[in-house]
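Peer 1: what's the 3D shape of this:
(chains A and B)
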Amino acid sequence: DGGITQSPKYLFRKEGQNVTLSCEQNLNHDAMYWYRQDPGQGLRLIYYSQIVNDFQKGDIAEGYSVSREKKESFPLTVTSAQKNPTAFYLCASSIDREYNSPLHFGNGTRLTVT
Amino acid sequence: ELKVEQNPLFLSMQEGKNYTIYCNYSTTSDRLYWYRQDPGKSLESLFVLLSNGAVKQEGRLMASLDTKARLSTLHITAAVHDLSATYFCAVDIVNPGTASKLTFGTGTRLQVTL
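Peer 2: Purely as a prediction, here's the structure:
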């Protein structure tokens, strides 16, 4: 079955360490996204990528970095510059907006930084 | 800057009752999505609304879109406990040639009591 796989499900890190969250999709989707969700809030866009080797900043990109070397993969690095990194991180993908398709989401990674 | 507001933020309702969740947005758009999220889980796509007057129904849920009023509604008919979840609306701003960039509302947490 096609889908989006995020790993790990839970991640614990010490303050000051960089950490990379994995996102892999086998849906053959062109676009991929990273969202952050804080308790009781909606999702906020961190980065998105429309094609391989290209990505754009979202609304809250500071303290994060991404790469898109392969169509299937869109890892997110949370750097030590991110002031409040503890959150639920969701990766998503979509075919292409021309098809008016909704975003498909992975199961998320819950990051806790102490 | 696009703003998406949902109300109510929290809704407690009895089984069998009807209720409506509202989603207002601040900028012209003709693409609106509804998602469901269970606690600690990912987001599941419910409806895609693509034009003024669009109405979609699935089971006890019905969504509509009024682009002139910049308003979407999610109507719940004869609620059952299984509908307990958080519901998000998300609005897409159309920029030709670019990937979708959804802006999410803050969510409505629905609790259906027996």
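
Peer 1: okay, and the beta partners of the residue nearest to the spatial centre of chain A?
Peer 2: Among the residues of chain A, residue A:34 comes closest to the average C-alpha position under CA atoms, centre = their mean, at 2.8 Å. Beta-bridge partners for residue A:34, by DSSP bridges, are residue A:47, residue A:91.

Peer 1: neighbouring strands for the lowest-mean-pLDDT helix or strand in chain B, and are they parallel or not?
Peer 2: Here the helix or strand of chain B ranked lowest by mean pLDDT, DSSP states H and E is strand B:102-104, holding a mean of 91. Neighbouring strands of strand B:102-104 in its sheet, by DSSP bridges, are strand B:85-92 (antiparallel).

Peer 1: report the rounded mean pLDDT for the strand it pairs with.
Peer 2: The average pLDDT for strand B:85-92 rounds to 95.

Peer 1: try stretch B:56-71
Peer 2: 95.

Peer 1: could you give me the buried positions within that stretch?
Peer 2: B:56, B:61-65, B:67, B:70 (16 or more other CB atoms under 10 Å in any protein chain shown). For the C-beta atoms, the positions are set from N, CA and C on the backbone; glycine is no exception.

Peer 1: flag every buried residue along stretch A:66-74.
Peer 2: By neighbour count on 16+ other CB under 10 Å, the buried set for stretch A:66-74 is A:66, A:68, A:71-72, A:74.

Peer 1: how far does it sit from its chain's centre?
Peer 2: Centroid separation for stretch A:66-74 versus its chain: 11 Å, with CA atoms, centre = their mean, to the nearest Å.

Peer 1: what does chain B put close to chain A?
Peer 2: Taking CB under 8 Å from any CB of the partner chain as the contact definition, chain B meets chain A at B:4, B:31, B:33, B:35, B:40-45, B:48, B:50, B:88, B:90, B:92, B:94, B:98-107.

Peer 1: on that earlier part again, distance to residue A:93 added to the buried residues of stretch A:66-74, as CSV?
Peer 2: CSV is the format used below for the buried residues of stretch A:66-74 (distance: CB to CB, whole Å):
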residue, distance to residue A:93
A:66, 13
A:68, 11
A:71, 10
A:72, 9
A:74, 8
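
Peer 1: residue 44 is in what secondary structure piece?
Peer 2: This is for chain A. Counting by DSSP states H and E, the element that carries residue A:44 is strand A:43-51.

Peer 1: wrong one, I was asking about chain B
Peer 2: Applying DSSP H and E, one finds residue B:44 within strand B:43-49.

Peer 1: cool, thanks, signing off.
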